[in-house]
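Student: build me a model:
(one chain, ligands or ions: 1)
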Amino acid sequence: MTWRTRSNVAWLRELPGVKEGEPLASRTSFGIGGPAEFFFELGRAEAIEKAIDGCSSREIPYLLLGAGTNLLVADRGVDGLVVRIVNRDHEIEGTRVRAGAGLKMMRLARIVADANLRGFEFAIGVPGTVGGAVYQDAGCWDREIREVLVEVEGYVPGAGKQTWKPDALELGYRTSALRDGALRGALVVSATVQLARGDGEEARQLMARLTRERNETQPIKTKNCGSVFKNPPGDSAGRLVQAAGLKGAREGAAVVSSLHGNFIINEGGATAADVRRLIERVMAEVKRRFGIQLEPEVEMVGRWK
Ligand code: EPU
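Tutor: Next comes the predicted model:
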């Protein structure tokens with residue numbers, strides 16, 4: 001590895017509060033994954049910006065981590081620096097809400113309902129952070145964050161602070177320029193959404209009903225990463241997995257949920273390799289049976305080779 005020079009390692013060791021060999025499993029919703037070579041978590045955007053600037057100019061790989069809800073971290077861990085984003089501030093001005101990237105979507109859904117705003121109820125079904133939601137245009141119940149997003153504050157290493165309108169982020173179903181395009185590696189600092197005046201009690205009731213429904217159709221109390229696959233156009237990955245007879249399929253302690261075919265559950269002690277083998281098996285079987293190539297939605301990071 002060319003980047004792991006004495007001076008780069010010394011620079012990493014001097015980052016404020018940095019830890020070496022920090023386990024990541026407990027920082028992912030799957031409860032799976034090896035250690036971060038270097039790890040730190042900070043709320044202050046400036047400190048994160050400085051760290052990723054330093055990594056970028058030194059060619060040190062870095063990973064921006066939110067709530068770890070859509071991630072499969074390799075058993076051998078992650079090279080370089082993992083930065084956990086924990087800025088959780090928010091500001092409400094009329095019907096506009098600016099939220100720090102580290103705030104959980106579900107928490108923000110409750111905050112805005114309590115402020116008598118509507119239009120964000122869908123976020124009660126989105127497990128990750130605001131930053132993570134922007135990163136891949138997360139959504140639930142056929143609503144996506146791009147529908148309410150008006151502005152994102154971010155940071156591009158080497159280029160500095162940016163303010164993006166949604167168009168610049170190329171948001172689409174579980175994709176964006178941050179995840180798959182020209183803005184890879186850029187940091188989301190905060191997102192502003194435009195909501196409408198509403199009634200807090202109504203919003204809370206709607207969220208309670210949606211959560212009950214989700215409880216019945218998704219194994220939300222288990223260790224999982226949310227949907228494993230994107231839905232192929234016009235079809236549903238869960239339906240296809242079920243039709244292929246794969247509910248309950250297992251590799252080690254990783255098992256396809258019997259409740260929802262697009263969920264893989266870590267029953268306890270599953271390895272990333274177990275999950276990956278199961279993902280590959282499901283993809284091969286769905287392809288063989290129906291000729292459809294499923295595409296993973298979960299992002300696989302770290303040392304796989
Ligand atoms: N279905 C089956 N068998 C299954 C699962 C689903 O036949 O095992 C059928 C259902 O009966 C339904 C259709 O497939 O007719 C769609 O299923 P569901 O309504 O559960 O939604 P989904 O398309 O599987 C999407 C999102 C979820 C989101 C739900 C609720 C994707 C990949 N997933 O799931 O998002 O919570 O809608 O709106 O788009 C996530 O992205 O991590 C996630 C959980």
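Student: care to break the protein down by domain?
Tutor: Domain assignment for the chain by automatic domain parsing gives 6-85, 90-216, 219-301.
Student: between the ones you listed, which gets nearest to the ligand?
Tutor: domain 219-301 (2.6 Å; C-beta to the nearest ligand atom). Where C-beta positions appear, they are placed from N, C-alpha and C, glycine not excepted.
Student: is the closest one in proximity to the ligand?
Tutor: Yes: counting by C-beta under 6 Å from any ligand atom, contacts between domain 219-301 and the ligand involve 226-227, 230-231, 236-239, 242, 260-262, 297.
Student: mark which of these are buried, thanks.
Tutor: Neighbour counting over the residues of domain 219-301 next to the ligand (16 or more other C-beta atoms under 10 Å) leaves 226-227, 230-231, 236-238, 242, 260-262, 297 as the buried ones.
Student: now do the same contact list for the closest residue to residue 158 other than its chain neighbours.
Tutor: Leaving out its chain neighbours, the residue that sits closest to residue 158 by C-beta to C-beta, 6 or more residues apart in numbering is residue 56, at 5.8 Å. Contacts for residue 56 (C-beta atoms under 8 Å, 6 or more residues apart in numbering) come out as 62, 157-158, 185.
Student: so which of the residues you listed wins on neighbours?
Tutor: Counting neighbours by other C-beta atoms under 10 Å, residue 62 comes out on top of those with 23 neighbours.
Student: distance of it from residue 35?
Tutor: 15 Å (C-beta to C-beta, to the nearest Å).
Student: count of residues packed around the residue nearest to residue 106 when sequence neighbours are not counted?
Tutor: Closest residue to residue 106 apart from its sequence neighbours, by C-beta to C-beta, 6+ apart: residue 124 at 5.6 Å. By other C-beta under 10 Å, 24 other residues sit near residue 124.
Student: hang on, residue 124 packs against residue 211?
Tutor: Yes: with contact defined as C-beta atoms under 8 Å, residue 124 counts as touching residue 211 (5.8 Å).
Student: hang on, residue 238 in a helix?
Tutor: Yes: assessed with DSSP: H, G, I helix; E, B strand; the rest coil, residue 238 lies in a helix.
Student: determine which two of the contacts of residue 56 are furthest apart.
Tutor: Spatially, the most separated pair among these is 62 and 158, at 13.1 Å (C-beta to C-beta).
Student: ok, so of the residues of domain 219-301 next to the ligand, who is nearest residue 215?
Tutor: residue 260 (11.2 Å).
Student: and residue 12, how far from residue 42?
Tutor: Here residue 12 is placed at a distance of 14 Å from residue 42 (C-beta to C-beta).
Student: for the chain, what are the low-confidence residue spans?
Tutor: Applying pLDDT under 70 to the chain flags residues 1.
Student: within range of the ligand, give me the residues from it.
Tutor: Neighbours of the ligand within the chain, by C-beta under 6 Å from any ligand atom: 125, 140-141, 217, 226-227, 230-231, 236-239, 242, 260-262, 297.
Student: same thing but at 8 Å, please
Tutor: Within the chain, the positions adjacent to the ligand are 69-70, 122, 125-127, 138-142, 173-174, 214, 217-218, 225-227, 229-231, 236-239, 241-243, 247, 257, 259-263, 297 by C-beta under 8 Å from any ligand atom.
Student: in strands, which of those residues fall?
Tutor: Judged by DSSP state E, the subset of these located in strands is 139-140.
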